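Colleague: sequence first, then the predicted structure, then my questions.
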Amino acid sequence: MGSWTDFNDARSNTNIIPKGTLAKVRLTIRPGGFDDASQGWTGGYATRGASGAVYLNAEFTVLEGPYARRKIFTLIGLYSPKGPDWTNMGRALIRGMLNSARGISDKDQSAQAQTARRISGFADLDGLEFAARIDTGTDVNGDEKNEIRAAITPDHKAYAEVMGTASLPLGAAGQATQQTSAGPAPSSPSPGGPALTGRPSWAQ
């Protein structure tokens, strides 16, 4: 706790989940109504920004552990007029999310693994549950915010624990992932729980 005479160590946003936290999350795509069938962007899921960039407006809800029900907002890049970097980052994140959700090693090149990394459309990603590494970034105002830029796959030693291990019945997953003394995690949080944080400034 900081002193009430020296405010150098005061933090503006204590609501930030620590960088590097691993958590099971569910992706919800907020539809932006932009389609381009030639790219496979259908169903109204993509959003086109004023700059011409196209992205998925992603809301990730933490499902278990001390941060259960917290929401993290991240843009998943589909196209940028500035070059391929944003597209490549978006594709890599989605590949990681599919590997994580479907229990596939990133190194697995079997026919089964390749099929698991294919989707018929963005609707397949909406509602996807996977193990994420929570990061921190800054919003348009320069304020610190949480982001999700990477998923963890079965190659990661903590994957089974974060996902609640496939061998456990669903109800026991909450105990398996609980390491902190913050009290028991809800083993089946309601997906429709109220958002604890408002919309971030860039999403207004």
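Modeller: Arrived safely, thanks for sending. Numbers count the residues shown, from 1 in each chain.

Colleague: what ranges do the strands span in the protein?
Modeller: 22-30, 34-36, 41-48, 54-62, 71-79, 129-138, 144-151 (DSSP state E).

Colleague: is residue 61 in contact with residue 26, as I believe?
Modeller: Yes. In this structure residue 61 lies within contact range of residue 26 using CB atoms under 8 Å: 5.0 Å. From N, CA and C alone the C-beta is placed, and that goes for glycine too.

Colleague: same drill for the two, tell me which one is more crowded.
Modeller: In terms of neighbours (other CB atoms under 10 Å), residue 61 is the more surrounded of residue 61 and residue 26; the figures are 21 against 18.

Colleague: distance check, the more buried one against residue 115.
Modeller: Look at residue 61 and residue 115: by CB to CB, to the nearest Å, they are 27 Å apart.

Colleague: okay, now the unreliable bits of the protein?
Modeller: Low-confidence segments of the chain (pLDDT under 70): 1-2, 10-14, 165-204.

Colleague: quick one: the helices in it, in order.
Modeller: Shown for the chain, the helices assigned by DSSP state H span residues 85-101, 111-116, 159-163, 173-176.

Colleague: compare the ones you listed and report which one is nearest to residue 130.
Modeller: For those, proximity to residue 130 was assessed by CB to CB; helix 85-101 is nearest, at 3.7 Å.

Colleague: and the strands of the chain as CSV, adding distance to residue 8?
Modeller: What follows is the strands of the chain, written out as CSV (distance: least, CB to CB, whole Å):
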stretch, distance to residue 8
strand 22-30, 31
strand 34-36, 45
strand 41-48, 39
strand 54-62, 31
strand 71-79, 28
strand 129-138, 20
strand 144-151, 17
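
Colleague: what's the closest of the helices of the chain to residue 122?
Modeller: It is, among these and with distance given as CB to CB, helix 85-101, at 9.3 Å.

Colleague: hmm, back to that, in JSON lines, list the helices of the chain along with distance to residue 46.
Modeller: Below are the helices of the chain laid out as JSON lines (distance: least, CB to CB, whole Å):
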{"stretch": "helix 85-101", "distance to residue 46": "11"}
{"stretch": "helix 111-116", "distance to residue 46": "23"}
{"stretch": "helix 159-163", "distance to residue 46": "28"}
{"stretch": "helix 173-176", "distance to residue 46": "32"}
